[in-house]
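Engineer: coordinates only, sequence not included:
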């Protein structure tokens with residue numbers, strides 16, 4: 001269950017309240033632990049918006065294009081809000097380029113996930129920001145853009161090619177520089193003790209780059225993609241494991257060069273299974289979707305994909321079929337689709353054989369597709 005609330009001027013810094021209250025910015029709340037998650041690299045600052053509910057996701061999507069005013073005003077509001085409204089970050093916009101910026105924040109229990117995309121040349125967290133509100137978190141930064149990034153912290157500097165990642169301290173000043181001013185960044189964080197329970201030596205891996213070729217980075221991107229997508233609904237069972245999955249991902253990334261323990265293996269299998277399910281949900285309308293194709297996208301073997309899904313009790317083909325049948329049933333029941341023939345709806349949902357669709361539909365739901373209309 002979810003609620004969407006339009007920001008009011010009282011939720012925001014005084015200089016932004018009037019403008020943003022009139023914009024389309026929104027905050028989706030979905031019933032986490034009652035512990036408040038402090039502001040971190042990507043975190044919500046407003047007390048009103050920080051109230052937590054048992055077993056939920058908190059989502060914020062803040063897009064500069066949704067703000068009122070011209071481009072210059074939108075840019076100033078968006079940049080200013082990163083420091084004083086949504087996150088303790090400082091961003092410098094790219095010069096001589098049209099400005100665009102989108103911030104997505106997701107909090108679930110004691111973990112936080114954020115993405116920043118836009119024409120930004122640098123993102124920093126200063127001693128002033130840390131003094132205002134700090135945590136004991138560690139942060140996994142992943143370059144989700146198409147341009148190289150550099151990350152500076154504690155006298156060290158590393159370069160991140162597209163798809164690469166690095167683990168940093170939340171409580172130390174940092175600066176991220178984007179080579180061409182087109183930023184694409186993912187930040188995933190949790191309390192360091194959660195990570196230490198999984199990999200005691202993780203602090204030795206701070207500011208150590210994990211290559212873009214490593215599968216763990218693709219898994220992080222896939223998992224974050226699900227959490228940050230406002231169209232994705234979550235179940236109570238799913239939410240129960242989000243905090244562990246995030247901690248598993250960070251620990252696995254930190255220990256990428258170390259032997260994998262049985263506990264790490266279990267966590268990775270769970271994350272990989274979720275990544276596969278996400279691919280199925282996003283691609284079932286494609287008649288050509290296959291375990292081989294999904295495996296290639298995630299850097300896994302087709303056999304491994306099949307084995308992971310068999311452990312859930314439902315095979316790859318069974319899951320695809322169920323998604324297609326549910327999609328078709330939903331479309332058939334919607335009045336605005338009355339002009340579409342049953343065969344057209346079947347094709348839209350990935351079926352290439354209408355007779356096969358009819359048989360599967362009757363077997364699954366106990367009646368014909370036509371009777372749903």
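Structural biologist: Happy to help now that I have it. Just so it is clear, the structure is predicted and the values come from calculations on it, not from any experiment.
Engineer: for the stretch 101-250 of the chain, what spans make up the strands?
Structural biologist: Per DSSP state E, counting those that start in this stretch, the stretch 101-250 of the chain carries strands over the ranges 101-108, 111-118, 120-125, 137-143, 149-153, 156-160, 165-169, 174-178, 183-191.
Engineer: next one: the third one to chain centre, how far?
Structural biologist: Here the centre of strand 120-125 is set off from its chain's centre by 20 Å, with CA atoms, centre = their mean, to the nearest Å.
Engineer: and the angle from that strand to strand 101-108?
Structural biologist: 40 degrees (axes from the mean of the first three to the mean of the last three CA atoms, to 10 degrees).
Engineer: who does strand 120-125 touch, helix- and strand-wise?
Structural biologist: Here strand 120-125 touches strand 90-93, strand 174-178, strand 183-191, going by 3 or more CB pairs under 8 Å, 6 or more residues apart in numbering; DSSP states H and E. C-betas here are computed from N, CA, C, even on glycine.
Engineer: among these, which is the most enclosed?
Structural biologist: Mean neighbour counts were compared across these using mean count of other CB atoms under 10 Å; the top stretch is strand 183-191, at a mean of 25.
Engineer: packing partners for that one?
Structural biologist: Going by 3+ CB pairs under 8 Å, 6+ apart, strand 183-191 lies up against strand 111-118, strand 120-125, strand 137-143, helix 215-228, helix 236-254.
Engineer: returning to that earlier point: of the helices and strands packed on strand 120-125, which approaches residue 159 most closely?
Structural biologist: strand 174-178 (9.7 Å; CB to CB).
Engineer: how about residues contacting the closest one?
Structural biologist: 94, 120-125, 141, 145, 147, 149-153, 168, 183, 185 (CB atoms under 8 Å, 6 or more residues apart in numbering).
Engineer: of those residues, buried ones?
Structural biologist: The neighbour count (16 or more other CB atoms under 10 Å) marks 94, 120-123, 125, 141, 145, 149, 151-153, 168, 183, 185 as buried among the contacts of strand 174-178.
Engineer: closest one of those to residue 310?
Structural biologist: Sorting these by distance to residue 310 puts residue 141 at the head of the list, at 34.7 Å, by CB to CB.
Engineer: got a list of what that closest one touches?
Structural biologist: 151, 160, 165-168, 176, 185-187.
Engineer: rebuild those residues as a markdown table, extending it with distance to residue 58.
Structural biologist: Below are the contacts of residue 141 laid out as a markdown table (distance: CB to CB, whole Å):
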| residue | distance to residue 58 |
| --- | --- |
| 151 | 26 |
| 160 | 27 |
| 165 | 24 |
| 166 | 26 |
| 167 | 24 |
| 168 | 23 |
| 176 | 24 |
| 185 | 20 |
| 186 | 17 |
| 187 | 16 |
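Engineer: TSV for those, including distance to residue 242 and pLDDT?
Structural biologist: Compiled in TSV, the contacts of residue 141 are given as follows (distance: CB to CB, whole Å; pLDDT from 0 to 100):
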residue	distance to residue 242	pLDDT
151	26	95
160	25	93
165	19	95
166	22	94
167	19	94
168	21	92
176	25	95
185	21	96
186	16	96
187	16	95
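Engineer: quick one: which of these is nearest to residue 104?
Structural biologist: residue 186 (9.5 Å).
Engineer: let's have the helices and strands packed on strand 120-125 in CSV, adding distance to residue 208.
Structural biologist: Listed next are the helices and strands packed on strand 120-125 as CSV, based on distance: least, CB to CB, whole Å:
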stretch, distance to residue 208
strand 90-93, 25
strand 174-178, 15
strand 183-191, 16
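Engineer: okay, now residue 72: neighbour count?
Structural biologist: When neighbours are defined as other CB atoms under 10 Å, residue 72 has 9 of them.
Engineer: same question, residue 303
Structural biologist: Residue 303, neighbours per other CB under 10 Å, totals 11.
Engineer: so which strand or helix has it?
Structural biologist: For residue 303, the element it lies in under DSSP states H and E is helix 302-312.
Engineer: quick one: average confidence on that helix?
Structural biologist: Across helix 302-312, pLDDT averages out at 86.
Engineer: ok, the most centrally placed residue in the chain - contacts?
Structural biologist: What sits nearest the mean C-alpha location of the chain, by CA atoms, centre = their mean, is residue 224, with 2.6 Å. Residues counted as contacts of residue 224 (CB under 8 Å, 6+ apart) are 106, 113, 115, 142, 186, 188.
Engineer: tell me, what's the model's pLDDT at it?
Structural biologist: Value for residue 224, per-residue pLDDT: 91.
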